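Peer 1: I need the structure of the sequence given here:
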Amino acid sequence: DSHSSEFKVTDRASVVSRLRSFLEDKKMKHEFPSKRAKFYQDVPDEKWNDWRWQLSNRLNTVGELANVLDLNESEKEALRAKHLFRVDITPYFASLIDPNDPHDPIRQQVVPTAHELAPFTAMMEDSLAEDAHSPVPGLVHRYPDRVLMLVTTQCATYCRYCTRSRIVGDPTATFSRKEFDAQIAYLEKTPQVRDVLLSGGDPLVLAPKLLEEILTRLRAIPHIEIIRIGSRVPVFMPMRVTQELCDMLGKFHPLWLNIHVNHSNEITKELAEACDRLTRAGIPLGNQSVLLAGVNDCPHVQRQLVHDLVRIRVRPYYLYQCDLVHGAGHFRTPVAKGIEIMEALRGHTSGYSIPTYVIDAPGGGGKIPVMPQYQISASDHKVVLRNFEGFITTYEEPLAYTPHDPKTCKFCQEKRAEPGQSGVFGLLEGERLSIAPEGFEQTHKRGGGKHRLNTDEHKWEPFGIGTDTSPQYEMGEPLAVVNGKVI
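Peer 2: Presented below is the predicted three-dimensional model:
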């Protein structure tokens, strides 16, 4: 009847209205925020959105920070200390901090506390031995086919756990034109280098013409295939990522860029828009984060972070264990915390959302991946594995397998040289039988000299491995005859 028809229409309209309200509410919850501290409310938008204004108005004193934050005594003590690692915070990034929360995850990353004045066991000025492994100033050639190229010591904002605090923030430590030319000259004469990572400091704070000159000179070197940039500028100062900058970077493909986000609170509407401009310019984006006590040492914080990153088309790349640098002791966690976090990610979220957890080896060994153990046991014909749920299964190995033949493989015959750095893979390739610590032979001679049993060095040359110089062991010839049989 007319009453029931009226009821249905009204009811349908109500459902549509509630559904629309629900979707709007959900959209609001999923939109990234845009914030500006109360102190900056009257700053005109044209200034606020000017990256040069952001750099010129950074906060670095008790008085300046007190305009935005309610500083505690520990922070005041640190800010007044002599020889403190440089403090500078862009107004934009300071606006993301909860002014009344001393434990705010962004605040802890950039506002110093008295904790960073305390020494701790194993801390070093250059914990990764970067300067020791630099053939020329500012160029670290640690891995076989790639280099780290430091192009500035300046950043938009300074992280309190900075691994290069020995030089970063110090204008007198920046690299000269002569040193830059030496970096380029080294790259030109080192054809094994195919990948250059620009870092610093932060390359995106350089004058645009200087950055373009660096990229131009790198692209002129034929054997350099990939250029990468490591930058936190999109996070500290997203207004620097202009369309003009993206167009300039887009001229130097293939070019990759890694940003540095440690907590979801850093992901804003402005950062999302900056990342959108970069990806539309064809620049793949990754994220490097650092595991920091009190900031992101929680599996659920990390899971939210990686989910938010992929939403803005940034793929999680590395999760670093905090380095053993001055001032970073209070940020350090046990390595087991990182393994716990990886346990909470693998299988519980998408594979492309999972970073590689690494320890950058103290003393200069490079990145060492660390992860939970998924292989439980093995025999000569199967392996026993477990998944993220604790489900245990077996994988049956093939009984008949024809090994790959390097002699007939084009790629094996033309493999890139890695002089002195083939490592464990070199053992698998048959380049040598073992890797011995420095001084191993002398230690085990125990001060003895040559005698009748140790003069023939062919005794410990393994047949078929490495360079076989033994004249009596030629490939294809019999080694011995036993009971009339050639073996």
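Peer 1: from here on, contacts and neighbour counts on C-alpha atoms
Peer 2: Fine.
Peer 1: Show me where the stretch 351-487 of the chain has its strands.
Peer 2: Along the stretch 351-487 of the chain, counting by DSSP state E, counting those that start in this stretch, strands occupy 356-361, 366-369, 375-378, 382-386, 392-396, 481-482, 485-486.
Peer 1: mind checking which of those is nearest Ile339?
Peer 2: strand 356-361 (7.8 Å; CA to CA).
Peer 1: who's in contact with the closest residue to Thr61 other than its chain neighbours?
Peer 2: Closest residue in space to Thr61, ignoring its immediate chain neighbours: Leu79 at 6.5 Å, by CA to CA, 6 or more residues apart in numbering. Contacts of Leu79 were listed using CA atoms under 8 Å, 6 or more residues apart in numbering, and they are Asn60, Thr61, Val62, Pro112, Thr113.
Peer 1: Ok, Cys412 next?
Peer 2: Cys412 neighbours (CA under 8 Å, 6+ apart): Pro406.
Peer 1: and stretch 179-191, which residues are buried?
Peer 2: Using 16 or more other CA atoms under 10 Å as the test for burial, stretch 179-191 gives Glu179, Phe180, Ala182, Gln183, Ile184, Leu187, Glu188.
Peer 1: Using the three-state scheme, assign Pro316.
Peer 2: strand (DSSP: H, G, I helix; E, B strand; the rest coil).
Peer 1: Return the set of residues that bridge with it.
Peer 2: Note on Pro316: beta-bridge partners Asn287, judged by DSSP bridges.
Peer 1: before we move on, what about Arg346?
Peer 2: Thr349.
Peer 1: What separation is there between it and Tyr395?
Peer 2: 20 Å (CA to CA, to the nearest Å).
Peer 1: more neighbours, the two?
Peer 2: Arg346 (17 against 11; other CA atoms under 10 Å).
Peer 1: pretty sure the more buried one is in contact with Thr356, am I right?
Peer 2: No. Counting by CA atoms under 8 Å, Arg346 does not reach Thr356; the two are 10.5 Å apart.
Peer 1: ok, back up a step: nearest to Asn49, of the buried residues of stretch 179-191?
Peer 2: Looking across those and measuring by CA to CA, the closest to Asn49 is Phe180, at 31.6 Å.
Peer 1: Switch the strands of the stretch 351-487 of the chain over to CSV; also include distance to Asp88.
Peer 2: As requested, those are exported to CSV (distance: least, CA to CA, whole Å):
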stretch, distance to Asp88
strand 356-361, 26
strand 366-369, 29
strand 375-378, 47
strand 382-386, 47
strand 392-396, 51
strand 481-482, 78
strand 485-486, 77
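Peer 1: Columns mean pLDDT and distance to Glu438 on top of the ones you listed, output as JSON lines?
Peer 2: Formatted as JSON lines, the strands of the stretch 351-487 of the chain follow (pLDDT from 0 to 100; distance: least, CA to CA, whole Å):
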{"stretch": "strand 356-361", "mean pLDDT": "97", "distance to Glu438": "18"}
{"stretch": "strand 366-369", "mean pLDDT": "96", "distance to Glu438": "19"}
{"stretch": "strand 375-378", "mean pLDDT": "97", "distance to Glu438": "33"}
{"stretch": "strand 382-386", "mean pLDDT": "97", "distance to Glu438": "36"}
{"stretch": "strand 392-396", "mean pLDDT": "97", "distance to Glu438": "40"}
{"stretch": "strand 481-482", "mean pLDDT": "48", "distance to Glu438": "39"}
{"stretch": "strand 485-486", "mean pLDDT": "48", "distance to Glu438": "40"}
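Peer 1: which one of those strands is the most hemmed in?
Peer 2: Highest mean neighbour count among the strands of the stretch 351-487 of the chain (mean count of other CA atoms under 10 Å): strand 356-361, with a mean of 20.
Peer 1: Take the buried residues of stretch 179-191 and write them to a markdown table, including pLDDT, distance to Arg452 and secondary structure.
Peer 2: Converted to a markdown table, the buried residues of stretch 179-191 look like this (pLDDT from 0 to 100; distance: CA to CA, whole Å; DSSP: H, G, I helix; E, B strand; the rest coil):
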| residue | pLDDT | distance to Arg452 | secondary structure |
| --- | --- | --- | --- |
| Glu179 | 96 | 55 | helix |
| Phe180 | 96 | 56 | helix |
| Ala182 | 97 | 52 | helix |
| Gln183 | 97 | 52 | helix |
| Ile184 | 98 | 53 | helix |
| Leu187 | 98 | 49 | helix |
| Glu188 | 98 | 51 | helix |
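Peer 1: Of these, just say which sits nearest to Leu453.
Peer 2: Of the buried residues of stretch 179-191, the one sitting nearest to Leu453 (CA to CA) turns out to be Leu187, at 47.9 Å.
Peer 1: which ones are touching the closest residue to that closest one other than its chain neighbours?
Peer 2: What sits nearest to Leu187 in space, not counting adjacent residues and going by CA to CA, 6+ apart, is Val193, at 7.0 Å. By CA under 8 Å, 6+ apart, the residues touching Val193 are Pro144, Asp145, Arg146, Val147, Leu187, His223, Ile224.
Peer 1: Relative to Asp170, which of those residues is nearest.
Peer 2: Val147 (22.8 Å).
Peer 1: Report how many residues lie close to the closest one.
Peer 2: Residues near Val147, counting by other CA under 10 Å: 19.
Peer 1: same thing with Asp195?
Peer 2: By other CA under 10 Å, the burial measure for Asp195, its neighbour count, is 17.
Peer 1: Who is it paired with across the strands?
Peer 2: With DSSP bridges as the rule, Asp195 is bridged to Arg146, Ile226.
Peer 1: With Ile359 instead?
Peer 2: Bridge pairing for Ile359 - DSSP bridges - gives Ile368.
Peer 1: re the thing from before, tell me which element the residue nearest to Thr61 is part of?
Peer 2: helix 73-80 (DSSP states H and E).
Peer 1: I would like the residues contacting stretch 357-369, please.
Peer 2: 127-130, 133, 142-143, 318-324, 338-339, 342, 356, 370-371.
Peer 1: ok, 7 Å please
Peer 2: Ser127, Leu128, Ala129, Glu130, Tyr318, Leu319, Tyr320, Gln321, Gly338, Thr356, Val370, Met371 (CA atoms under 7 Å, 6 or more residues apart in numbering).
Peer 1: pLDDT score for the fourth one?
Peer 2: On the pLDDT scale, Glu130 is placed at 95.
Peer 1: you'd agree it is up against Arg142?
Peer 2: No. Using CA atoms under 7 Å, Glu130 makes no contact with Arg142, being 8.2 Å away.
Peer 1: what about the helices in the stretch 151-300 of the chain?
Peer 2: 177-188, 208-219, 233-236, 243-249, 269-280, 299-311 (DSSP state H, counting those that start in this stretch).
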